Each structure stands twice: as structure tokens, then as C-alpha cells.
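**Student:** how would this look folded up:
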Amino acid sequence: MNPTVRKFFDLPRLNASKRPAPLILVNGLAEQSESWFANRTHWSRHFDVKVPELLVYDGDSLHRRIDAGGEVTVDYLTDRLANFLDEYVQRPPYNLVGSSLGGQIILTYATRYPEKVDRLALLCPSGLHGDENLPMMEGVRRSQYDTLVQSVFHRSHFASEDLVAVIERKFQDRKWKKGVLRTLRGTVGHSVAPLLSMVSQPTLLIWGENDQVIADVPGSIRAADQIRNVRQVVIPKCGHAPQIEKSRLVNQLVLRFLRGQLGTIPPTLIPARFWPYQVKRPTSTVSPQSR
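**Tutor:** Numbering: from 1, shown residues only. Predicted structure coming up:
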């Protein structure tokens, strides 16, 4: 064999350049994959980051399902995630990060395929407890896009006129708007509460203290305590998109958690600081240090 070719296929060299573990990011209903702009670069230094396009509202795949009379449900979106991972990643176990509706999708995937998931991080996940406030639905139906955008953030400067204008242009496309409304119809009110006690993987939940979308954040925190191996934090002065509004803190929390290096939660972030609550935790055979 040619020495150059032999050097290229040198096994010790190939092993030394092994690709990092995959990290899958799943956005929520009101966001698109671009919503991870403040996180991808940071996490890509340590993981092989993938962002599947599950919710492309003007996409052909979504509209083929709609035209065939199918519903856009959490189960359907979970199937799409499973297909993406099987076809294009193929390197389990996966680390999964999901925001809002994306949290429901990755929770469902983790309970269906527990052997394929290493760790979960959920950012303001919906569907854990109680109803949701839906300014998005009203914003779309009444074309009040400033209301839609403002509902996501605590700090008004994130809901800039430029961002509102971008959202407005998107929804002027009838195909896009139809995709959003059909997805809303198929996913609003869905609950993943029955799955929580079935989640065996180490799980981090990050909440915004001032979330206007999750109607009962304290109730959702209590519900999430059913997860056997869970850590929870609440970020003050933060709304429904902490990955944008508090990106530096979220980047650090998620990275340390996924690498098994998240120590004691700072007192400023513990849920009891905001809403005192007591939870009877289920007996668990999973040690926090076991993974």
C-alpha cells in the first residue's frame, strides 16, 4: 500500500479524531431552528450538534400530511425525529435538548427509545401540567404579531420591531400560516404528564420565572419532580425563551449538565426561592451519579 494511503488510514490516528457525541436540538411551536443561534456555536465545541427541521410550516412534507387529512400531532413529530436520527445521525445514545413543544417531543422519544437517549435538557417545556396561555394562536388569527412576539420574552428589547416584521412577513404566506394553524390544532392541549415517571435518563429542566406561555410554572415544576433523576432551575427575569434571553447562563447550565459536571444549583436559581413547594419524590433505583 502506498505510504501516504497507509498513513491516511492509520487506525490510532482515526481513533484519536473520533467525532464528539451527538447533541440534538428541537425547537418549539413558535420558533424555528434559527432560535438556537445563541447556543449552537458554544455547544458545538463539545458536541456534534444537529438541528432537525421538524416544523417547517411551508414545507412539502408537512403539507403532504395535511392534504392527506393527517393531523400534525406530538406523536407524528416524534416519528419525524426518530426517522431523522435513524437516517441521518445513526450514533446513539443521543443527548437531546428541546424547548417548549420540543420538550414534549424529546420526552416522548426518550420514553419510546430509552436505550437511544443519554441525557435530556428541557427549556420551558409545555404539556407537563395545566393549560397554556396561547397568545400565539390569537396573534396568528388576528394578525397581531407584536403580541405574539412579546409573549415570548420578559425583556421588551428582545421583541424588536425587526423581529416582529420578520414574523409578519412569514405569516403573510398562506401556506406557512396554514401549517402553523394545523400544527396548533394538533398539538395544543397535548399532555406528556403520564410519561414523566417513565423517564429514566438524567434530565435538566430550565424554567423562566416570568414565562407568560406556561400558565402554571410552579405546577409544572411539581409535575416534573416525577422524573426519577431530575434537576430543575428557575431563571429570574426570564420569559419563555431562555435560550435567547439568558443564553450565556443556559449555555453553561446545559453544557455542564450534559458533561456530568453540574454541581450544586446556585441558590439564586432553585425553584423554592420563587415558589415554595413540597414534593413526595418517588422511590428511584437511579442514582444521580450513575450516569
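
**Student:** Is it correct that Leu81 is in contact with Leu107?
**Tutor:** No. Judged on CB atoms under 8 Å, Leu81 makes no contact with Leu107 at a distance of 11.2 Å. The way it works is simple: take the backbone N, C-alpha and C, and place the C-beta from them, glycine included.

**Student:** For these two, work out which one has more neighbours and name it.
**Tutor:** More neighbours surround Leu107 than the other of Leu81 and Leu107, with 29 against 23 (other CB atoms under 10 Å).

**Student:** ok, now which ones touch Trp247?
**Tutor:** Residue 247: Ser, not Trp. Shown in contact with Ser247 (CB atoms under 8 Å, 6 or more residues apart in numbering): 38-39.

**Student:** I misspoke; the intended subject was Lys116.
**Tutor:** Residues in contact with Lys116 (CB under 8 Å, 6+ apart) are 85, 92-94, 109.

**Student:** Quick check: pLDDT value at Val233.
**Tutor:** For Val233, the model assigns a pLDDT of 97.

**Student:** Show me the contacts of Lys116 that map onto helices.
**Tutor:** Of those, the ones assigned to helices by DSSP state H are Tyr109.

**Student:** Using neighbour counts, trim the contacts of Lys116 to the buried set.
**Tutor:** Among those, those classed as buried by neighbour count (16 or more other CB atoms under 10 Å) are 85, 93-94, 109.

**Student:** for those, which one is nearest Gly102?
**Tutor:** Tyr109 (10.5 Å; CB to CB).

**Student:** Run through the residues that contact that closest one.
**Tutor:** The contact partners of Tyr109, taken as CB under 8 Å, 6+ apart, are 78, 81-82, 96, 116-117.

**Student:** Out of these, which is nearest to Trp176?
**Tutor:** So of those, ranked by how close each gets to Trp176 (CB to CB), first place is Leu81, at 21.3 Å.

**Student:** so what does the lengthiest helix in the chain touch, helix or strand wise?
**Tutor:** Of all segments of type helix in the chain, defined using DSSP H, the longest is helix 174-187. If contacts are counted by 3 or more CB pairs under 8 Å, 6 or more residues apart in numbering; DSSP states H and E, helix 174-187 sits against helix 60-67, helix 74-84, helix 135-141, helix 161-171.

**Student:** With distance to Pro242 and mean pLDDT added, can I get the ones you listed in TSV?
**Tutor:** Below are those laid out as TSV (distance: least, CB to CB, whole Å; pLDDT from 0 to 100):
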stretch	distance to Pro242	mean pLDDT
helix 60-67	27	95
helix 74-84	22	98
helix 135-141	17	56
helix 161-171	17	74
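
**Student:** Show me the one of the ones you listed that comes nearest Leu23.
**Tutor:** Of all the helices and strands packed on helix 174-187, helix 74-84 comes closest under CB to CB, at 13.6 Å.

**Student:** May I see the buried residues of that closest one?
**Tutor:** Buried positions in helix 74-84, judged by neighbour count with 16+ other CB under 10 Å: 74, 76-82, 84.

**Student:** so which of those residues comes closest to Val192?
**Tutor:** Val74 (7.5 Å).

**Student:** now the longest helix of the chain and helix 60-67, what's the angle there?
**Tutor:** Here helix 174-187 runs at an angle of 60 degrees relative to helix 60-67 (axes from the mean of the first three to the mean of the last three CA atoms, to 10 degrees).

**Student:** Check the model's average confidence along the helix or strand following helix 174-187 for me.
**Tutor:** Sequence order places strand 203-208 as the next helix or strand after helix 174-187, per DSSP states H and E. For strand 203-208, the mean pLDDT works out to 98.

**Student:** now what about strand 203-208, what contacts it?
**Tutor:** For strand 203-208, contacts defined as CB under 8 Å, 6+ apart pick out 119-125, 154, 214, 217, 220-221, 224, 227, 229-235, 238-242, 245-246, 250, 253-254, 257, 262, 271.
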